[in-house]
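> The following comprises the amino acid sequence and a computationally predicted model.
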Amino acid sequence: MSAGRIIAYIAAAILIFFGVLFIYATFSPTGQIAWLFIGLISVVIGFGLIWFAGKRAKREATELIQRIELSGDIDLETLTCRNCGGALSSDNIKLVAGAPVVACPYCNTSYQLTEEPKW
């Protein structure tokens, strides 16, 4: 949860609390009708902050798609595991910490995919 959302929820709780107090105080013997309006406005603003913070949280969710482009010609049909020699496909290559990592489904070995120099 971000700091901005936490601050919005705390401010909303304070506004709603004092708004309810103002509404309650309106019905006391010395109460004034203006307190009712102040309390209602405070409660509405408090619930508005809660709604805004919740809506902002939904907007923060994003999906990151990263594609791996290898330089040079790579023939995936000939890609084999270094450990057991099992045939590997493009589904066995995952991106971990910015580097392509191969996970062998046969021997459960994982290693970083390195490209040999062309010269």
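Perfect, thanks for sending it.

> and the residue lying closest to residue 31 once chain neighbours are set aside, helix, strand or coil?
Distances taken as Cβ to Cβ, 6 or more residues apart in numbering put residue 25 closest to residue 31, at 5.5 Å, once the chain neighbours are dropped. C-betas here are computed from N, CA, C, even on glycine. Recorded secondary structure, residue 25: helix (DSSP: H, G, I helix; E, B strand; the rest coil).

> correct me, but residue 25 touches residue 35?
Yes: using Cβ atoms under 8 Å, residue 25 and residue 35 qualify as a contacting pair, with a distance of 5.4 Å.

> Any idea how far the helix or strand bottoming out on mean pLDDT in the chain is from the middle of the chain?
Of the helices and strands making up the chain, the lowest-confidence element is strand 93-96, at a mean of 84, by mean pLDDT, DSSP states H and E. In terms of Cα atoms, centre = their mean, to the nearest Å, the gap separating the centre of strand 93-96 from the centre of its chain is 21 Å.

> Same check on stretch 3-19?
Its chain's C-alpha centre and that of stretch 3-19 lie 22 Å apart, by Cα atoms, centre = their mean.

> Send over it as PDB, restricted to the C-alpha atoms.
Written as PDB, here are the backbone C-alpha positions of stretch 3-19 (Å, rounded to 0.1, in the frame of the first residue of the first chain):
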ATOM      1  CA  ALA A   3       2.000   6.200   1.400                       C
ATOM      2  CA  GLY A   4      -0.500   8.400  -0.400                       C
ATOM      3  CA  ARG A   5      -3.300   5.800   0.000                       C
ATOM      4  CA  ILE A   6      -2.500   5.500   3.700                       C
ATOM      5  CA  ILE A   7      -2.600   9.200   4.200                       C
ATOM      6  CA  ALA A   8      -5.900   9.400   2.300                       C
ATOM      7  CA  TYR A   9      -7.400   6.700   4.500                       C
ATOM      8  CA  ILE A  10      -6.300   8.300   7.700                       C
ATOM      9  CA  ALA A  11      -7.600  11.700   6.600                       C
ATOM     10  CA  ALA A  12     -10.900  10.100   5.600                       C
ATOM     11  CA  ALA A  13     -11.200   8.400   9.000                       C
ATOM     12  CA  ILE A  14     -10.600  11.800  10.800                       C
ATOM     13  CA  LEU A  15     -13.100  13.600   8.600                       C
ATOM     14  CA  ILE A  16     -15.800  10.900   9.100                       C
ATOM     15  CA  PHE A  17     -15.200  10.800  12.800                       C
ATOM     16  CA  PHE A  18     -15.500  14.600  13.300                       C
ATOM     17  CA  GLY A  19     -18.400  14.700  10.800                       C
END
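
> Understood, closing this out.
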